[in-house]
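Asks: sequence? don't have it. structure:
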């Protein structure tokens, strides 16, 4: 499952050093929404990484 547009935007702003409050104001969303999008994005990235790690361990080839 890929990242949503909002998740990507939150990650991009976080990488630039914006705080959650600044991100919320900039994107016109609530601070809890910023946390939600950030947490979802990080979980998706972690899950993707774990999937790749498992595939390598099991020597699954991409066809």
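Replies: Looks like it came in fine. Fair warning: this is a prediction, and the values are worked out from it, not measured in the lab. Residues are numbered from 1 along each chain as shown.

Asks: show the subsequent helix or strand relative to the strand or helix carrying residue 25.
Replies: For residue 25, the host element (DSSP states H and E) is helix 20-27. Using DSSP H and E, the helix or strand that follows helix 20-27 towards the C-terminus is helix 31-57.

Asks: from residue 58, how far off is the residue nearest the centre of the chain?
Replies: The residue lying closest to the centre of the chain (CA atoms, centre = their mean) is residue 41, at 2.0 Å. Here the criterion is CB to CB, to the nearest Å. By it, residue 41 lies 26 Å from residue 58. Just so you know, the C-beta spots here come from the backbone N, C-alpha and C atoms, and that holds for glycine as well.

Asks: same thing with residue 27?
Replies: Residue 27 sits 39 Å away from residue 58, taking CB to CB as the criterion.

Asks: now do residue 20
Replies: Applying CB to CB to residue 20 and residue 58 gives a distance of 38 Å.

Asks: before we move on, the earlier item: give me the more crowded residue out of residue 27 and residue 58.
Replies: Neighbour count, other CB atoms under 10 Å: between residue 27 and residue 58, residue 27 has more, with 16 against 8.

Asks: so that one sits against residue 9, correct?
Replies: Yes - shown here, residue 27 and residue 9 form a contact pair, counting by CB atoms under 8 Å, at 6.4 Å.

Asks: can you name the residues that contact the spatially closest residue to the residue nearest to the centre of the chain that is not a sequence neighbour?
Replies: Once flanking residues are discounted, residue 41 sits nearest to residue 7: 3.8 Å by CB to CB, 6 or more residues apart in numbering. Residue 7 makes contact with 37-38, 40-41, 44, according to CB atoms under 8 Å, 6 or more residues apart in numbering.

Asks: what about residue 2, distance to residue 10?
Replies: Distance from residue 2 to residue 10, by CB to CB: 15 Å.

Asks: more neighbours, the two?
Replies: Taking other CB under 10 Å, residue 2 and residue 10 do not tie; residue 10 has more neighbours (29 against 7).

Asks: tell me which element the more buried one falls in.
Replies: helix 5-15.

Asks: list the buried residues in that helix.
Replies: By neighbour count on 16 or more other CB atoms under 10 Å, the buried set for helix 5-15 is 6-7, 9-11, 13-14.
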